[in-house]
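Engineer: Let's see this in three dimensions:
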Amino acid sequence: MGQLLLNKVQKFYGDFEVLKGVQLEVNNGEFVVFVGPSGCGKSTLLRMIAGLDGTSAGDIVIDGVRVNDLPPVKRGIAMVFQSYALYPHMSVFENIAFPLRVEKMEEGKLKAKVENAARILHLDQRLQQKPGMLSGGQRQRVAIGRAIVREPKIFLFDEPLSNLDAALRSDMRIELAKLHRQLKATMIYVTHDQVEAMTMADRIVVLNAGEIAQTGAPLELYHKPANMFVAGFIGNPKMNFLPVTCTGAADKSVTVDYKGQTLTVPVTPREGVVGKALTLGVRPEHIQLASGDISLTITPSVIERLGAQTVAYAALDGEGENFCATLSGSVGVRPEQPMLVGINAADCHLFDGAGIAFERHVALTDIDLNLLNPTALA
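Structural biologist: Numbering: from 1, shown residues only. Prediction:
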């Protein structure tokens with residue numbers, strides 16, 4: 001088993017509250033990713049689960065046992081750090097075996113566990129080599145192997161791929177996803193990389209200023225962000241935000257005005273919303289050339305040509321450099337050349353004055369609906 005409960009967990013450094021009553025439940029076998037900006041408390045929270053930092057208030061419960069006062073070795077967890085933390089004078093075998101030798105495990109059983117972990121991680125041909133002879137990705141696999149042999153209830157990963165180059169990060173993401181399916185273990189992973197979060201997680205926990213801004217499956221956070229913070233954080237490039245005024249509301253839509261253009265957004269209205277200043281959100285990948293339900297003139301200032309896509313960072317109708325459009329790679333966009341783009345209401349998000357999202361009526365396929373609820377695929 002590997003169930004985790006965080007019950008109103010707080011952390012203070014002096015008078016500064018780093019974590020503000022975090023409440024979270026992680027189910028056995030889940031792959032949960034903590035994301036958020038620097039300083040949001042994600043690594044601190046992981047270290048508290050590991051027992052490397054103490055809690056100021058609240059409870060950490062693993063498989064029904066309160067572990068606040070237990071040392072890391074007694075919690076049934078294994079942690080993989082950003083730095084590999086390998087012993088350079090030891091072989092790969094001895095690095096993986098180290099925690100088992102500390103436990104004084106019988107040699108035959110130890111050898112079997114190390115060889116099994118090495119086989120899972122494709123290190124069986126490297127067991128007699130030293131870490132200095134390995135690539136970065138292989139060293140990280142050794143660090144993961146050292147965690148696997150302990151057979152922990154919960155694996156903790158603290159930005160384990162951040163020291164690798166882009167190609168290795170991509171390869172290791174795939175390896176970690178395969179490892180999770182193979183071990184069926186509970187894994188909690190901290191990263192600042194949205195691609196890692198979106199591609200590996202069963203559930204993402206978005207942290208902001210020591211609080212959980214939203215939890216949900218990757219596509220849930222993408223299609224239905226709870227607030228402007230999550231909407232702007234999930235997605236790359238980030239969502240565009242436009243100031244609008246509400247001019248009408250119906251059963252399942254809210255009508256807004258943007259510079260004399262009317263847009264009816266398919267969201268659930270709220271009482272008293274008519275006449276209020278709201279914020280319209282649209283992702284760069286939902287900007288299209290020429291017409292839409294409303295049209296905008298943008299003037300690209302910086303253009304990134306990525307092959308399949310062209311990303312244009314632009315001034316919007318003279319409002320400044322605050323707009324981004326992700327277009328087809330074949331589009332002939334040029335800097336400082338105005339162009340007409342369109343937005344469709346079905347692609348839009350709407351937020352109130354406090355930044356809270358209106359509930360969207362998103363048309364999703366059956367597969368998408370399953371992905372919004374990963375337990376449906378279990």
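Engineer: how would you label Ala117: helix, strand or coil?
Structural biologist: Following DSSP: H, G, I helix; E, B strand; the rest coil, we place Ala117 in the helix state.
Engineer: Return the residues in contact with it.
Structural biologist: Ile96, Leu123, Gly145, Ile148, Val149 (CB atoms under 8 Å, 6 or more residues apart in numbering). Yep, even glycine has a C-beta here, placed from its N, CA and C like the rest.
Engineer: Highest neighbour count among those residues?
Structural biologist: Within these, most neighbours by other CB atoms under 10 Å means Ile96, with 29 neighbours.
Engineer: Go ahead and confirm Val254 touches Phe358.
Structural biologist: Yes. Between Val254 and Phe358 there is a contact at 6.5 Å, judged by CB atoms under 8 Å.
Engineer: who's more crowded, these two?
Structural biologist: Per other CB under 10 Å, whichever of Val254 and Phe358 has more neighbours is Val254, with 26 against 19.
Engineer: what is the more buried one paired to in the beta sheet?
Structural biologist: Using DSSP bridges, the bridge partners assigned to Val254 are Ala249, Val265.
Engineer: what's near enough to touch it?
Structural biologist: Shown in contact with Val254 (CB under 8 Å, 6+ apart): Cys246, Gly248, Thr264, Val265, Val267, Pro269, Val273, Leu278, Leu350, Phe358.
Engineer: Give me the subset of the contacts of Ala117 that lies in helices.
Structural biologist: With helices taken from DSSP state H, the overlap with the contacts of Ala117 comprises Ile96, Gly145, Ile148.
Engineer: From the residues you listed, pick the one nearest Val32.
Structural biologist: Val32 lies nearest to Ile148 out of the ones in helices among the contacts of Ala117, by CB to CB, at 18.5 Å.
Engineer: Quick check: closest non-adjacent residue to the closest one.
Structural biologist: Nearest non-adjacent residue to Ile148, counting by CB to CB, 6 or more residues apart in numbering: Ala117, 4.3 Å away.
Engineer: can you tell me how far that neighbour sits from Glu359?
Structural biologist: Ala117 sits 46 Å away from Glu359, taking CB to CB, to the nearest Å as the criterion.
Engineer: in the longest helix seen in the chain, what's buried?
Structural biologist: What stands out as the longest helix in the chain, according to DSSP H, is helix 166-183. By neighbour count on 16 or more other CB atoms under 10 Å, the buried set for helix 166-183 is Leu168, Arg169, Met172, Arg173, Glu175, Leu176, Leu179, His180.
Engineer: out of the residues you listed, who's nearest Val311?
Structural biologist: Using CB to CB, Arg169 comes nearest to Val311 of these, at 20.4 Å.
Engineer: For that closest one, which non-adjacent residue is closest in space?
Structural biologist: Using CB to CB, 6+ apart and skipping residues adjacent in sequence, the residue nearest Arg169 is Leu161, 4.6 Å away.
Engineer: wait, doesn't that neighbour sit right on Ala143?
Structural biologist: No. In this structure, Leu161 is not within contact of Ala143 by CB under 8 Å, at 11.2 Å.
Engineer: Out of the contacts of Val254, the closest to Glu211 would be?
Structural biologist: Nearest member of those to Glu211, counting by CB to CB, is Phe358, at 21.3 Å.
Engineer: OK, contacts around the closest residue to the closest one other than its chain neighbours?
Structural biologist: Spatially, and ignoring its direct neighbours in sequence, Phe358 is nearest to Val267 (3.8 Å; CB to CB, 6+ apart). Contact analysis of Val267 by CB under 8 Å, 6+ apart lists Lys252, Ser253, Val254, His349, Leu350, Phe358, Glu359, Arg360, His361.
Engineer: Hmm, the first one is touching Ala345, no?
Structural biologist: Pointing back at Lys252 there. No. At 11.9 Å, Lys252 and Ala345 do not qualify as touching, with contact defined as CB under 8 Å.
Engineer: Common neighbours of the two, please.
Structural biologist: With CB under 8 Å, 6+ apart as the test, Lys252 and Ala345 both reach Pro266.
Engineer: Looking at those two, which is more packed in?
Structural biologist: Ala345 (21 against 12).
Engineer: gap between the more buried one and Ala117?
Structural biologist: Ala345 is 53 Å from Ala117, where distance means CB to CB.
Engineer: Could you do Gly281 as well?
Structural biologist: For Gly281 relative to Ala117 (CB to CB), the value is 45 Å.
Engineer: Give me the distance between the two termini of stretch 311-323.
Structural biologist: Taking CA to CA, to the nearest Å, the first and last residues of stretch 311-323 lie 11 Å apart.
Engineer: typo on my end, stretch 239-255
Structural biologist: 20 Å.
Engineer: Would you mark the buried spots in that stretch?
Structural biologist: Met239, Asn240, Phe241, Leu242, Val244, Cys246, Ala249, Ser253, Val254, Thr255.
Engineer: so the first one sits right up against Gly232, yeah?
Structural biologist: Yes. With contact defined as CB under 8 Å, Met239 and Gly232 form a contacting pair (5.4 Å).
Engineer: what bits of this protein have low per-residue confidence?
Structural biologist: 318-321, 363-378 (pLDDT under 70).
Engineer: Common neighbours of Val254 and Phe358, please.
Structural biologist: Contacts common to Val254 and Phe358, judged by CB under 8 Å, 6+ apart, are Val265, Val267, Pro269, Leu350.
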